[in-house]
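*Asks:* have a look at this fold, sequence not included:
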């Protein structure tokens, strides 16, 4: 049994010995294998507690500092694990420290302090401004919020080409595809117009939707999903994607039966959730 302090022990072993690094490596691999994160598409950020970071990383050792796109005073002192810009999800398992980074927002909210990873000059995802804005808005409505995931879920993306992009209609269609949908995302789906990714404008538009939704679709691009942990955020996207897949399989066929409005109401009552107002014709 090693008598080394935890930080030194992990340093001498593999980065995947760090639980939150291992979890990020697993989920990025899963999304890549699902075909939702081709090339360097997609990004993930997760808020970490100081204690869990300090158990494996020397939080006094700031490797370098980075300038965020805008001051993030609301997240001052918060710790994050994030994917790197231009990094391929398929490579995270083999090289976590080269493709991921653990950051702390400085006490004044003006800088990002790199504590681990982002090796060889790597920087956080270009969508970090959108992530930060979404984290800020979700924390305001849900103190347990921790995770933002963006990927290019195939059928969800395809559905934005053929379905009306009205949020009410889009949500209603998804709810009708799988029995579990109204239970998993009773708050419905937010949708923004097509916008250039990586900009503060798309980040602000997404965050504005996050005040009322945990999932926001970027038409012809992908989806943002949030949650209190990686499983929850990924499971939300996974459920939406399954519903979109079913829609794309049946949209061109005559529909003989579907989940009715009353059945959706019965589902919500049975599972103790409240469907977003205005989607069902109550």
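*Replies:* Received the coordinates, thanks. Since the model is a prediction, treat every value here as computed from it, not as a measurement.
*Asks:* going forward, measure contacts and count neighbours with C-alpha atoms only.
*Replies:* OK.
*Asks:* what ranges do the strands span in the stretch 101-250 of the chain?
*Replies:* 112-117, 147-151, 190-191, 215-218, 222-227 (DSSP state E, counting those that start in this stretch).
*Asks:* buried ones in stretch 173-187?
*Replies:* By neighbour count on 16 or more other CA atoms under 10 Å, the buried set for stretch 173-187 is 173-187.
*Asks:* how far does that stretch stretch from start to finish?
*Replies:* End-to-end span of stretch 173-187 (CA to CA, to the nearest Å): 14 Å.
*Asks:* how far does it sit from the chain's center?
*Replies:* Centroid separation between stretch 173-187 and its chain, computed with CA atoms, centre = their mean, to the nearest Å, is 19 Å.
*Asks:* give me the pLDDT value at residue 7.
*Replies:* Looking at residue 7, its pLDDT reads 48.
*Asks:* ugh, wrong one, I meant residue 10
*Replies:* 45.
*Asks:* just residue 264 next, same as before
*Replies:* Confidence score, pLDDT, at residue 264: 96.
*Asks:* against residue 260, how distant is the closest residue to it other than its chain neighbours?
*Replies:* Spatially, and ignoring its direct neighbours in sequence, residue 264 is nearest to residue 182 (7.0 Å; CA to CA, 6 or more residues apart in numbering). Note on residue 182: its distance to residue 260, by CA to CA, is 12 Å.
*Asks:* what of residue 111?
*Replies:* 51 Å.
*Asks:* so residue 117 is in contact with residue 98, correct?
*Replies:* Yes - counting by CA atoms under 8 Å, residue 98 is a contact partner of residue 117 at 6.0 Å.
*Asks:* between the two, which is the more surrounded one?
*Replies:* For residue 117 versus residue 98, neighbours defined as other CA atoms under 10 Å are more numerous around residue 117 (25 against 20).
*Asks:* these two touch, right, residue 98 and residue 122?
*Replies:* Yes - applying CA under 8 Å, one finds residue 98 in contact with residue 122, separated by 7.2 Å.
*Asks:* from what I see, residue 92 and residue 28 are in contact.
*Replies:* Yes - in this structure, residue 92 is within contact of residue 28 by CA under 8 Å, at 7.2 Å.
*Asks:* of residue 111 and residue 260, who's got more company?
*Replies:* residue 111 (21 against 11).
*Asks:* give me every residue that touches that one.
*Replies:* By CA atoms under 8 Å, 6 or more residues apart in numbering, the contact set of residue 111 is 65-68, 71, 105.
*Asks:* same question, residue 226
*Replies:* 145-149, 214-215, 232-234, 236.
*Asks:* which residue ranges form the helices in the stretch 51-200 of the chain?
*Replies:* With helices called from DSSP state H, counting those that start in this stretch, the stretch 51-200 of the chain shows them at 96-99, 128-141, 154-162, 167-177, 181-184, 200-210.
*Asks:* returning to what we had before: who wins for neighbours among the contacts of residue 226?
*Replies:* Going by other CA under 10 Å, residue 148 tops these with 29 neighbours.
*Asks:* against residue 54, how distant is it?
*Replies:* Residue 148 is 22 Å from residue 54, where distance means CA to CA.
*Asks:* what do you get for residue 165?
*Replies:* From residue 165 to residue 54 the distance is 44 Å (CA to CA).
*Asks:* residue 89 now?
*Replies:* Counting by CA to CA - residue 89 and residue 54 are separated by 26 Å.
*Asks:* okay, those two: which has more neighbours?
*Replies:* Ranked by neighbour count (other CA under 10 Å), residue 89 and residue 54 place residue 89 first, with 29 against 13.
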